[in-house]
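K.L.:
got a predicted structure here, sequence first:
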Amino acid sequence: MRIQLISFSLITIITIISCGEPTAPETQLQPSPDSTRFFTTGLFFEEQVNQVILLRKPIYVYRTMNGMKDSAVLDSMQFIQLAQEFITKDISNARDKKNYRETVFQDAGTNSYTLNYTAVNREVRVQGVDILLDEQSNQVKRIFIRSFTQRGDTSIQEQHNWRAFKGFQINRSLSTGNGYHRQELTEVKWGSTSDDE
């Protein structure tokens, strides 16, 4: 009788546990609530582009591919085309934001607040966005965007870095399964060729 009671108790406990609601592992990142307002990077980039064109600042581009460097002056259409890479990576719309988790933290080392958006869906192209805001003015200082794309057997990793009112960088790494690797760096600056902080 005692063995039957223990067996019945174990079966009851196992049944209760197995019928409970499935829970996501605590380590799995969950998306932000629908009500969370994401920073609209696309609008910021458009305002920066319009300002450069309005002020008619000279725009310089520096390209490095596998160690080989060249430079040129961009016209406004070439500049807009390059900046479009940033604008299209805006994740603040309702369709995209469900794939990201927002976290906010203060960075005493840079006197900034950082808005971090991390992909909870590993299938999306943009895997992360970091926006550094000035502690005093809440103005954007920098935006970093990390992306990954698979095209056939080619993996493309990209790091887009926009420095407010100064310029931007696009760092792209391409690799294939057969060992081919190419590194590309595009730097764009306006107003001055010097890199004064």
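P.N.:
That came in fine, so what should we check first?
K.L.:
so what does the lengthiest strand in the chain touch, helix or strand wise?
P.N.:
Longest strand in the chain by number of residues, with DSSP state E as the criterion: strand 140-151. If you count contacts as 3 or more Cβ pairs under 8 Å, 6 or more residues apart in numbering; DSSP states H and E, strand 140-151 packs onto helix 41-54, strand 126-134, strand 154-163. For the C-beta atoms, the positions are set from N, CA and C on the backbone; glycine is no exception.
K.L.:
which one of the ones you listed lies nearest to Tyr113?
P.N.:
With Cβ to Cβ, the closest approach to Tyr113 among those belongs to strand 126-134: 4.6 Å.
K.L.:
can you tell me the average pLDDT over the closest one?
P.N.:
The pLDDT scores in strand 126-134 average 96.
K.L.:
now the angle between helix 41-54 and it, please.
P.N.:
Orientation check (axes from the mean of the first three to the mean of the last three Cα atoms, to 10 degrees): strand 126-134 against helix 41-54 gives 60 degrees.
K.L.:
tell me which other helices or strands strand 126-134 touches.
P.N.:
Against strand 126-134 (3+ Cβ pairs under 8 Å, 6+ apart) you get strand 112-119, strand 140-151.
K.L.:
ok, that strand: who's next to it in the sheet?
P.N.:
Counting by DSSP bridges, the strands paired with strand 126-134 are strand 112-119 (antiparallel), strand 140-151 (antiparallel).
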